[in-house]
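**Student:** I need the structure of the sequence given here:
(chains A and B)
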Protein chains: 2
Amino acid sequence: MSATWDFGVSRELALVERRIREAVASDEPLLTEIAEYVIAAGGKRIRPTVTLLAFKAVGGTAVEKAVDMAAALELVHSATLIHDDINDGGTYRRGRLTAYRKYGIQEALVTGDFLFTRAFGIGGKLSHEIVEMTERACVSLAEGEIRQKRNLGNVKLTREEYLDIITRKTARPISASARAGALLGGGTLDQIEAAGTYGLNLGIAFQIVDDILDVIGDDTQLGKRPGTDIKEGTITILSINALEDGTVIDRSELIRILRKRNRPWGEVHTALRMIRDTNAVEKARADARSFGELARRALGPLPDTEARRHLRDLVDLVLSRQS
Amino acid sequence: MSATWDFGVSRELALVERRIREAVASDEPLLTEIAEYVIAAGGKRIRPTVTLLAFKAVGGTAVEKAVDMAAALELVHSATLIHDDINDGGTYRRGRLTAYRKYGIQEALVTGDFLFTRAFGIGGKLSHEIVEMTERACVSLAEGEIRQKRNLGNVKLTREEYLDIITRKTARPISASARAGALLGGGTLDQIEAAGTYGLNLGIAFQIVDDILDVIGDDTQLGKRPGTDIKEGTITILSINALEDGTVIDRSELIRILRKRNRPWGEVHTALRMIRDTNAVEKARADARSFGELARRALGPLPDTEARRHLRDLVDLVLSRQS
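**Tutor:** The predicted structure follows:
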């Protein structure tokens, strides 16, 4: 991300990386190895970027606490990725074997717990508000996970239920990243609230784009097989849109595939083709743009600074990303 | 436990139970249900008892924080039990189906994360020292888990390596329970240290007794099949002792079974019989008694109070327990 875009926080992001490496040190070399394997895969570091920019946008200067917070939230994120992969049975993430495939389920599970622990160890030294924010984000994540799992293959899932799930799983944690940054930067209550609303809407847009990419992306860009959501039974806004636009496709055939357990890849590809034949992607893109616009508008109460401009740019990046 | 022994903290333990119930409330009823299922199974509440007694032993009075801490540590304990059961493939715990067998791996895994989160949410509002103590105990647990897993079927495991593993997995968390209680109770550094040493030795004794019961206990009392350690490949002090006392049994046959993957139950029972034929149980009991004695002696710097007497009684209970 930082290769093509410059959000003016590369120095701070380097500090976050260093903080993360310190945090994964352990008497047990295997724990550190697995943790570093997952963290090195990198990802977009969107959460730390949001924290650092929100911190700067409200005029924060002593960056250490924001760096700590960003590191803690990225550690939580890595922990949940490891556990998610175990849960979903995913083989690849970002073009590499998932941790549990490479190191074993047990080892990966414990490493996830270890990363949670380290994250809370850092966050717990900031402030009670930060602890509460982090706690709420993690609880929300767990609730989203359970709710998503409960709705596997549920072709009656509504748009509202879908939004509820992705809000819990993705948007609230990103919102917490933004709020925490603004809080640590000494923002006013209004500014913290604004940052939170920004993060929430950015998070929803981010997840919708993620779901779109699973339908239209290719292996090389995604670093995993497209169609993974359908393979796993996860109903996204794409399936919901496609089923609503049922005039142009064989709706009952799509329902049959989405409902099935252990769909073979051949059927996944059939479903992907059917979804692409509808207006599902187009409608989802419009949705993502709307939430992106809400994120931009939420920035109103923040002073006009370079950091605020970067927060706006981040919306564009999220909406245009191809991987 | 409190049915047969009275440690003078039943009122406080009831507050701990209430705090735990509050903590597992969630928007997602299934999370709460799984959490309550695990917590209701109860167990010995040894960690909360240790925290509360250490708190009282140093003269602590305003019990709320000790109650919070005890609840947090029990939540951590429950989280690790859930994840351990997934890792070990255990079917029963305390006479009931393990959470992942009853609710599914995914649901159980996420519930474990949820309990970790709630624990840190509570602990994170106490003090930085408490956060650090909790963090260290959890990291230690993760390291012990990994180390134990790495040594499955390792018939060359030494007594020192065994002690290192159980120190990390069991003793340090119990030590943290004691230290935290003494810290929150306003103990002096010496008293906090004494409580920590007490907890560490009590924890080692506790785990050795646990390992003995897996060799000599019966289904009804244990609430799970005896021989589980051998079935899973975990080498304990019992196997180590039996191999050292190799004159009376066919040592190479025992090694063959302990080394095997996926031992059938018939072979597990053969191994149990062989271990019982040696002096392994007797030697392990002597070890447990020694660590129990170290725990008792560690209480020296604490004033002579009812709470200190109860901490001594707790050692006897741990040494004499049958389940």
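
**Student:** What lies in contact with stretch A:311-323?
**Tutor:** If you take C-beta atoms under 8 Å, 6 or more residues apart in numbering or on different chains as the criterion, stretch A:311-323 is touched by A:1, A:5, A:7, A:44, A:46, A:49-50, A:53-54, A:57, A:198, A:202, A:205-206, A:209, A:213, A:217, A:221-223, A:288-289, A:292, A:295-296, A:299, A:302. In this view, the C-beta of every residue, glycine as well, is placed from N, C-alpha and C.

**Student:** filter those residues to the buried ones?
**Tutor:** By neighbour count, with 16 or more other C-beta atoms under 10 Å in any protein chain shown, these hold A:1, A:7, A:46, A:49-50, A:53-54, A:57, A:198, A:202, A:205-206, A:209, A:213, A:217, A:222, A:288, A:292, A:295-296, A:299, A:302 as buried.

**Student:** for chain A, what helix or strand is lowest in average pLDDT?
**Tutor:** helix A:219-222 (a mean of 71; mean pLDDT, DSSP states H and E).

**Student:** Contacts for it, please.
**Tutor:** Residues from elsewhere that reach helix A:219-222 (C-beta under 8 Å, 6+ apart): A:Gly95, A:Leu213, A:Asp214, A:Arg225, A:Pro226, A:Gln322, A:Ser323.

**Student:** Show me those that map onto helices.
**Tutor:** When the contacts of helix A:219-222 are checked against helices (DSSP state H), the matches are A:Leu213, A:Asp214.

**Student:** just the strands in chain A please.
**Tutor:** Under the criterion DSSP state E, chain A contains strands at A:92-93, A:96-97.

**Student:** circling back to that earlier point, wait, which of the contacts of helix A:219-222 is closest to chain B?
**Tutor:** Taking C-beta to the nearest C-beta as the measure, chain B sits nearest to A:Asp214 out of the contacts of helix A:219-222, at 19.4 Å.

**Student:** if we can go back for a sec, could you write out the alpha-carbon coordinates of the least confident helix or strand of chain A in CSV?
**Tutor:** This file holds the C-alpha atoms of helix A:219-222, laid out as CSV (Å, rounded to 0.1, in the frame of the first residue of the first chain):
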residue,chain,number,x,y,z
ASP,A,219,-5.8,-15.8,-7.9
THR,A,220,-2.6,-13.9,-8.4
GLN,A,221,-4.0,-10.6,-7.2
LEU,A,222,-6.0,-12.0,-4.3
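
**Student:** Spit out the contact partners of the residue sitting nearest the centre point of chain A.
**Tutor:** Among the residues of chain A, the one closest to the centroid is A:Thr170, at 4.7 Å (C-alpha atoms, centre = their mean). A:Thr170 is in contact with A:Gly144, A:Gly203, A:Ile204, A:Phe206, A:Gln207, A:Asp210, counting by C-beta under 8 Å, 6+ apart.

**Student:** so the second one sits right up against A:Arg168, yeah?
**Tutor:** No - the criterion here is C-beta atoms under 8 Å, and A:Gly203 misses it with A:Arg168 at 10.1 Å.

**Student:** neighbour count winner among these two?
**Tutor:** A:Gly203 (28 against 23; other C-beta atoms under 10 Å in any protein chain shown).

**Student:** so how far is chain B from the more buried one?
**Tutor:** Noted for A:Gly203: a distance of 18 Å to chain B, by C-beta to the nearest C-beta, to the nearest Å.

**Student:** A:Leu294: neighbour count?
**Tutor:** Residues contacting A:Leu294 under the criterion other C-beta under 10 Å number 17.

**Student:** wait, isn't it in contact with A:Gly203?
**Tutor:** No - between A:Leu294 and A:Gly203 there is no contact under C-beta under 8 Å: 11.1 Å.
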